[in-house]
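Undergrad: Structure of the sequence below:
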Amino acid sequence: MRILSLQSGTSVDGIDAAIVDIDADDDSPTPSLTLTPLHARTSAWPPALRARVLSLAEGALVDARELCVLNTLVGQQFARAAAEALAEAGTAVHLVVSHGQTAYHWVDEGRARGTLQLGEASWIAEAAGAPVLCNLRAADVAAGGEGAPLMGVFDRAWLAATDLGSTATLNLGGIANLSLVAEGRVLAWDTGPGNALIDAAIARATAATTTEAYDRNGRRAAAGRVQQSLLDALLTHPFLARSAPKSTGRETFDLGFVDAAAERLDLQPSLNDLVATLTRYTARTVANSLAAEAPALPARVIASGGGVHNPVLLKDLRDELARLGVALDSSALHGIDPNFKESLMFALLGFLSWHGVPCELPGTRPGTARLAGQLVFGPNGLARPGDLGAGRLTGIRSLRVLQVAAARASPAHAPVDAR
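TA: Residues are numbered from 1 along each chain as shown. A predicted model of the protein is given here:
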């Protein structure tokens, strides 16, 4: 089955598109799968649209017109990314999976209550000529789960095909999340900020001059000094004390609480010192969360996402994990491009939903797993790919990922994850 995956992370730093083939290795109700990446690219957000999306995600009050306009414009931008990927790859697909752009993840009284992803999928269906699976998190939230993180579904299947043993994976997007796989079981949860606070601090401080979007190559963190008193204050954030499963978003970890902590301490850190502190904060919260939640510490953590390109963040993470006796690897060392692991995960979710396999997330109560997503019909209706009829599968045993296709970035934009 050929699937096009579309997603833009919490950092709103580009739209990732990946085309993959997913095939069953046998005809049992619980087959092993082979995923073959065929094409991968990242498209730039138009700066003005990106600014509007970030403003909404950071708490701007908007009216119904602005929500409608943004939902349409984001959908059209995803549609362009889909059309460009399909044209470059020279292939059609059976299904598009579009995660959209998260605008808000509503958590109240310790559990997820709702989630909002922008990007009207009908525009994508028209551009791709294929049905679109969208709104992937809502069913799990409605059934009492967290709707996030989704990566545990991929990791349970992927790591089952390896001999790595007890392993944790880390996704360093705008928000960081961990998945821990041991003895066929998976725990997954958001740990707190990934790149979101670092990016926001830099963007705010440079808005009138160079408008930097992130800490390229960790240069600012390397030039700064960690402010220990501020770090200690940030570590008291109440989300960090909650037990997994838990999920969060940039609406919880924004610069407001950082500014409030600095004001209480009568601190005015330089931008480089602030970035160094926030970089250490991400590393510390990841390590602390792993130590608090893991029934037994894994031998290694395999990292992916934009944060793996920030050498200072990786050094801080390596140091923080070393004190726990845990090693740190990039997913590239295990055959998966760290820039596109989430894209592969969304493609897998699309395959599972298409074939009637419920998505059991770590926060899902027993017996309440639901099919992920809602289907928007393509211009030509539905055509069942291959011999795997919907509902015939009851699960999968493992997932083998073949060599990842080389990624392309829009020429109008620096490589999105070159942090």
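Undergrad: Would you map the helices across the stretch 201-350 of the chain?
TA: Assigned by DSSP state H, counting those that start in this stretch, the helices in the stretch 201-350 of the chain fall at 219-223, 228-234, 238-241, 255-264, 271-293, 311-322, 341-354.
Undergrad: which of the residues in the second one are buried?
TA: Looking back up the chat, that one is helix 228-234. Of the residues in helix 228-234, L230, L231, A233, L234 count as buried by neighbour count, 16 or more other CB atoms under 10 Å. All C-beta spots, glycine's among them, are computed from the backbone N, C-alpha and C.
Undergrad: Of these, which is the nearest to L35?
TA: Closest approach to L35 among the buried residues of helix 228-234 (CB to CB): L234, at 38.3 Å.
Undergrad: Contacts only, for that closest one.
TA: Neighbour list for L234: F257, V258, A261, T277, Y281 [criterion: CB atoms under 8 Å, 6 or more residues apart in numbering].
Undergrad: Among these, list the two that are farthest apart in space.
TA: Checking the contacts of L234 against each other with CB to CB, the farthest-apart pair comes out as F257 and T277, at 13.2 Å.
Undergrad: More neighbours: these two, which one.
TA: Counted by other CB atoms under 10 Å, F257 and T277 do not tie: T277 has more neighbours, with 26 against 16.
Undergrad: And the contacts of stretch 76-90?
TA: 4, 6, 8, 15, 17-19, 38-39, 41, 43, 45-46, 49, 92-93, 96, 98, 100, 119-120, 123-124, 126-128, 408.
Undergrad: Quick one, which of those residues are buried?
TA: 4, 6, 8, 15, 17-19, 38-39, 41, 43, 45, 49, 93, 96, 98, 100, 119-120, 123-124, 126-128, 408.
Undergrad: In contact with L352: list those residues for me.
TA: Counting by CB under 8 Å, 6+ apart, L352 makes contact with V153, P358, C359, L371, A372, L393, I396.
Undergrad: whoops, V53 was the one
TA: Residues near V53 by CB under 8 Å, 6+ apart: V12, W45, L70, V74, Q101, A103, L118.
Undergrad: thought the first one was touching A51?
TA: No - between V12 and A51 there is no contact, the gap being 9.2 Å when judged by CB atoms under 8 Å.
Undergrad: With neighbour numbers in mind, choose between these two.
TA: Between V12 and A51, counted using other CB under 10 Å, the more crowded position is V12 (24 against 13).
Undergrad: In terms of pLDDT, where does that one sit?
TA: At V12, the model reports a pLDDT of 85.
Undergrad: dump the residue contacts of it.
TA: For V12, the contacting residues are W45, R50, V53, L54, A57, Q101, G174, taking CB under 8 Å, 6+ apart as the criterion.
Undergrad: Between those, which sits nearest A157?
TA: Within the set of the contacts of V12, G174 lies nearest A157; the separation is 24.7 Å, counting by CB to CB.
Undergrad: The closest residue to the closest one other than its chain neighbours - how many residues pack around it?
TA: The shortest distance from G174 to any residue other than its chain neighbours is 2.7 Å, reached at T10 (CB to CB, 6 or more residues apart in numbering). T10 is flanked by 23 other residues according to other CB under 10 Å.
Undergrad: where does T10 land in three-state SS?
TA: When the structure is reduced to helix, strand and coil (DSSP: H, G, I helix; E, B strand; the rest coil), T10 reads as coil.
Undergrad: Contact partners for it?
TA: With CB under 8 Å, 6+ apart as the criterion, the residues that contact T10 are A57, T102, G173, G174, I175, G194, A196, G249, R250.
Undergrad: before we move on, what about R2?
TA: Neighbouring residues of R2 by CB under 8 Å, 6+ apart: I19, V20, D21, L38, T91, A92, V93, H94, L95, P385.
Undergrad: picking that back up, mind picking the lowest-pLDDT entry from the contacts of V53?
TA: V12 (85).
Undergrad: Strands along the protein, start to end?
TA: 2-8, 15-24, 33-43, 95-108, 111-118, 132-134, 167-172, 175-182, 185-193, 300-304, 327-330, 374-376, 399-401, 407-409 (DSSP state E).
Undergrad: still on that earlier bit, may I ask which of the contacts of V53 has the most neighbours?
TA: If you rank the contacts of V53 by neighbour count (other CB under 10 Å), Q101 sits at the top with 28 neighbours.
Undergrad: what's across from that one in the sheet?
TA: On the basis of DSSP bridges, Q101 takes part in beta bridges with S8, L118.
Undergrad: Also the one 5 residues further on?
TA: In this structure, W106 has beta-bridge partners G114, where bridges are defined by DSSP bridges.
Undergrad: buried residues in stretch 351-360?
TA: F351, L352, S353, W354, H355, V357, P358, C359, E360.
Undergrad: domain assignment for the protein?
TA: Taking automatic domain parsing as the reference, the chain has its domains at 2-148+339-409, 163-334.
Undergrad: Tabulate the ones you listed (CSV), appending distance to A157.
TA: Compiled in CSV, the domains of the chain are given as follows (distance: least, CB to CB, whole Å):
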stretch, distance to A157
domain 2-148+339-409, 4
domain 163-334, 9
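Undergrad: Now the weakest link among those domains, please, by mean pLDDT.
TA: Comparing mean pLDDT over the domains of the chain, the weakest stretch is domain 2-148+339-409, at a mean of 88.
Undergrad: isn't T252 right next to V107, touching?
TA: Yes - with contacts defined as CB under 8 Å, T252 counts as touching V107 at a distance of 7.1 Å.
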